[in-house]
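> What would the 3D arrangement of this be:
(one chain, ligands or ions: 2)
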Amino acid sequence: MDETAHDGVEVLVHRLDRELPLPRYAQPGDAGLDLLAREAVELAPGERHAVPTGLAIALPLGFAAFVHPRSGLAARHGLTVLNTPGTVDAGYRGEIKVILVNTDRSAPVRLERGDRIAQLVIQRVCTADLVEVEQLPGSARGSGGFGSTGGAAAMGGQH
Ligand SMILES: O=c1ccn([C@H]2C[C@H](O)[C@@H](COP(=O)(O)OP(=O)(O)OP(=O)(O)O)O2)c(=O)[nH]1
Ligand SMILES: [Mg+2]
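Ligands and ions are numbered 1, 2, ... in the order given. A predicted model of the protein is given here:
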């Protein structure tokens, strides 16, 4: 992969807390910018909290940013983003917050100010023009869903 080639889009960012660095991509070509906690927080088992990031952005029209969990925090501590992926609209100018929840049954999770708590994936999105009809066109899938094509067991039990 040529990690220098990219079709980056310019996004205006404003740091509400100048002591925190700008979020960055951990590796070239990564999808998500690591978001930092502006405040320390301790989450008891089952507890949730909207953690401020100190970051506000102005996305171009036709883009949105999505707040995704970090797999390391999820695997190690059971910490995830409750509304994953959180949606940041192009017109939103407020502080981006990360709604974290501690899903661990017994251990609290402590996060320090400046910790990388989630990742922000910026994507193109389209706005739909809804066209109401009495009947939708047919398709091979039709209304089949929710396992209609067979689950793992029905597919020969292969892992
Ligand atoms: O994880 C998130 C989700 C949302 N937001 C901000 C940006 C987004 O543009 C705004 C509204 O989010 P959303 O539309 O998900 O929330 P809502 O409950 O529908 O609120 P609203 O009525 O303001 O749209 O809140 C965040 O900072 N973090
Ligand atoms: Mg909304």
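> F66 pairs with what?
Beta-bridge pairing for F66 (DSSP bridges): T87, V121.
> Burial check on it, number of neighbours?
Look at F66: counted by other CB atoms under 10 Å, it has 19 neighbours. Glycine gets a C-beta too; all of them are placed from N, C-alpha and C.
> Contact partners for it?
85-88, 120-123 (CB atoms under 8 Å, 6 or more residues apart in numbering).
> In JSON lines, list these along with neighbour count and pLDDT.
JSON lines is the format used below for the contacts of F66 (neighbours: other CB atoms under 10 Å; pLDDT from 0 to 100):
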{"residue": "P85", "neighbour count": "17", "pLDDT": "98"}
{"residue": "G86", "neighbour count": "19", "pLDDT": "98"}
{"residue": "T87", "neighbour count": "11", "pLDDT": "98"}
{"residue": "V88", "neighbour count": "22", "pLDDT": "98"}
{"residue": "L120", "neighbour count": "23", "pLDDT": "98"}
{"residue": "V121", "neighbour count": "15", "pLDDT": "98"}
{"residue": "I122", "neighbour count": "18", "pLDDT": "98"}
{"residue": "Q123", "neighbour count": "13", "pLDDT": "98"}
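> ok, so of those residues, who is nearest ligand 1?
G86 (2.0 Å; CB to the nearest ligand atom).
> ok, back up a step: which of the contacts of F66 sits closest to A65?
Nearest to A65 out of these is V88 (CB to CB; 4.0 Å).
> can stretch 69-84 be found next to ligand 1?
Yes. Shown here: stretch 69-84 in contact with ligand 1 (CB under 6 Å from any ligand atom) through N83.
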